[in-house]
Structure formats: structure tokens, C-alpha cells
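Undergrad: quick one: sequence plus predicted model below, questions after.
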Amino acid sequence: MSARLPAAAALASGLLFGAGLVVSDMVNPARVLAFLDVAGAWDASLALVMGAALLPSSLAYAWRRRRERPLGDAQFHLPDDRRGVDRRLLAGALLFGVGWGLVGLCPGPAITALLTLQWPALLFVAAMLTGMAAHRALHAPRA
Amino acid sequence: MSGLDLLWGWPVAGGLLIGAAAALYLIVAGRVMGVSGLLARAAGLDAESRDGRTRAVRLPAALFLVGLLGGAWLASSVFRAPVIELTASWPLLLAGGLLVGYGTRLGAGCTSGHGVCGMARLSKRSLVATAVFMGSAALTVFVMRHVVGGPA
């Protein structure tokens, strides 16, 4: 099976995702923080974006249940659903949420914000990559 | 804060595009479209890219990021030029970035992977993760804005 189809899908998927972030205005940290600020002037946008995103996504994952393999690969590469909730998942989600709440950027909009070529976006993404590198250094899989 | 008024049509249209992106990646590549995972993979910071399959694994992830930037740029030119109000001070940007990077790796996903894909898969882990990061983010904003009162 050629690796070209998944690569093309990755590019096309990125294009759709980036366009979606701009169209929905989720690239603006101020709007994301206004959603997270439930005690302030609440902005429901993020809930609408998430709800709308779940429509095509849910349909695709329902389709997947009836399929042996995707169109461009010999098998699906999805997380193991038998794995339960563990401490790592909880601690990771907790820490991610704190960082998200401090700035208003999660990974997708953070990368998109690089288009501004402004130092705050560059600093945030550099710190994010450093955090990822720290995770790999601390939790290196035993080969 | 000004300029935040947005008709419901824009968030819905943008959300449908994001969901279509996740659907396409599943249908063709058979994978979860999670930005934190794809970023780590493209940067060679995940476990898989250590296994000698480096190039085959990293290339699609890098192409996704190229597409992400290209799609955002195109939409900015065609539909609406976004205002990016990034007002956090540099210590907060630094701390926030470190926490988002470390946390999304430890928790195996972010808003796209756990939120858009995991919840669509009805994955229990993703449902729990999404509830936890939404909760801790909202709590953080509450503390920063209404308890400390500093610029968040």
C-alpha cells in the first residue's frame, strides 16, 4: 500500500482544519478565554464549534465500525479502547487545561498563531515543544 | 474586550470544517486527527518516531502542519481576517506553553484528538480527558480573572 494516500489526506485534513479554525475564530485566544470564563461575559462559540465538529466526525467514526481498513492503509491506527482511565491521562489533561486557561491557546490555534510572526506566539510554541521534549525525556519508552 | 461578536453561522461553519478534517483523516489514513500528537510526531518528539520508521511516520504529520498553516492563511485571505488577541504576559506564555506541551503528551491528546475525535469515537478516556481539561481551564480562567484579577 502506497504511503501517498495518507500523506495527501494529512495535507488536505490540515487545510480543512486550519480553515475551520479561522472561520470559527478559534484562533483568537480572547474568544477562547471568553468561552472558558463562565463567570464573565460568556461566549458560546467554542461549544458551537465543538458541537458542529462532532457531526462529521461522529459519522466517520460510525462508518469506521463497519470497515476492516481505511481507504489508504492496510489497517486502522486507533488508540486501544480497552485501555482505561489512568493517572497519566488525568494528570495530563489537568495540566493541559491549566496551560490552556492561562493563555487561551491549545495546540492547533497555537501553531496557527505563528502566522502572525509575533513574539508571543513564537514564545508559546517554543515552550510547548520544550514541554513535549521534557515529557519524552522523563517518560522515555523502554526500548 | 471588543470585537468578539460573531454570528452563530461562523462557529458552526468552522466546526463543520474541523469535523470534516477529522473525518477525512480517519477515512483515508485511519488515524486520529490530534494536533498535539501530530506536532510531536513531526518534531520527532513522540515514541513512534524513535523506532526507525522515522521518515514514513514524520512526513504525513509534517504535511498536516503545512496544511494547517496553509488553510488558515487561505481562509484569512478569502473569508475573514482573524484578530489574534494574545494578551498574556511572557511568564504566562512560557508557563502556559510548557504546561500545554507536557500535559498533552502525558494525557495523550488535546482539544482535537480527545475532543473532536475521541468524543466522536465515544472513547471513555477521551470523554474523561475532555471533561478534565475543560474543567481545569475554566477554573484557571476563573482564578486568574476573578480571584487574582490579573490579565489572563
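TA: Perfect, thanks for sending it. Numbers count the residues shown, from 1 in each chain, chains lettered A, B, ... in the order given.
Undergrad: for the rest of this, base every contact and every neighbour count on C-alpha atoms.
TA: OK.
Undergrad: where's B:Ala21, which helix or strand?
TA: For B:Ala21, the host element (DSSP states H and E) is helix B:9-24.
Undergrad: mind listing what's buried in that helix?
TA: By neighbour count with 16 or more other CA atoms under 10 Å in any protein chain shown, helix B:9-24 contains the buried residues B:10-24.
Undergrad: what subset of those residues is also close to chain A?
TA: By CA under 8 Å from any CA of the partner chain, the members of those lying near chain A are B:10-24.
Undergrad: what's the following helix or strand after the worst-scoring helix or strand of chain B on mean pLDDT?
TA: Using mean pLDDT, DSSP states H and E, helix B:54-78 stands out as the lowest-scoring helix or strand of chain B, at a mean of 93. Using DSSP H and E, the helix or strand that follows helix B:54-78 in sequence is helix B:90-106.
Undergrad: any idea which helix or strand comes after that next one?
TA: Following helix B:90-106 in sequence order, the next helix or strand is helix B:124-142 (DSSP H and E).
Undergrad: check the gap between B:Ser112 and chain A for me.
TA: Relative to chain A, B:Ser112 is positioned 8 Å away (CA to the nearest CA, to the nearest Å).
Undergrad: so who does the closest residue to A:Arg69 other than its chain neighbours touch?
TA: Of all residues not flanking A:Arg69 in the chain, A:Gln75 sits nearest, at 4.6 Å (CA to CA, 6 or more residues apart in numbering or on different chains). By CA atoms under 8 Å, 6 or more residues apart in numbering or on different chains, the contact list for A:Gln75 reads A:Glu68, A:Arg69, B:Gly30.
Undergrad: just the buried ones from these?
TA: Counted by 16+ other CA under 10 Å, the contacts of A:Gln75 give A:Arg69, B:Gly30 as buried.
Undergrad: switch the contacts of A:Gln75 over to TSV; also include secondary structure.
TA: Output for the contacts of A:Gln75, formatted as TSV (DSSP: H, G, I helix; E, B strand; the rest coil):
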residue	secondary structure
A:Glu68	coil
A:Arg69	coil
B:Gly30	coil
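Undergrad: which residues touch the helix holding B:Ala21?
TA: The list of residues contacting helix B:9-24 from outside it, by CA under 8 Å, 6+ apart, reads A:9, A:12-25, A:45-46, A:48-61, B:32-33, B:116-117.
Undergrad: among those, which ones are in helices?
TA: In helices, defined here by DSSP state H, the members of the contacts of helix B:9-24 are A:9, A:12-23, A:45-46, A:48-61.
Undergrad: of those residues, grab the buried ones for ChimeraX.
TA: A single ChimeraX command selects the buried members of the ones in helices among the contacts of helix B:9-24 (16+ other CA under 10 Å):
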select /A:9,12,13,14,15,16,17,18,19,20,21,22,23,45,46,48,49,50,51,52,53,54,55,56,57,58,60,61
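Undergrad: out of the ones in helices among the contacts of helix B:9-24, which are close to chain B?
TA: Within the ones in helices among the contacts of helix B:9-24, those near chain B by CA under 8 Å from any CA are A:9, A:12-23, A:45-46, A:48-61.
Undergrad: count of neighbours near A:Ala74?
TA: 13 (other CA atoms under 10 Å in any protein chain shown).
Undergrad: pretty sure A:Met50 is touching B:His114, no?
TA: No. If you go by CA atoms under 8 Å, A:Met50 and B:His114 don't touch, sitting 11.3 Å apart.
Undergrad: helices of chain A, residue ranges please.
TA: A:4-23, A:29-36, A:45-64, A:87-103, A:107-113, A:119-138.
Undergrad: distance of B:Gly14 from B:Val116?
TA: To B:Val116, B:Gly14 is 13 Å away according to CA to CA, to the nearest Å.
Undergrad: for these two, list the residues in contact with both.
TA: A:Ala53.
Undergrad: so what touches stretch A:25-33?
TA: By CA under 8 Å, 6+ apart, stretch A:25-33 touches A:21, A:43, A:45-46, A:101, A:103-105, A:109-110, A:112-113, B:1, B:4, B:10-11, B:14, B:82-86, B:141.
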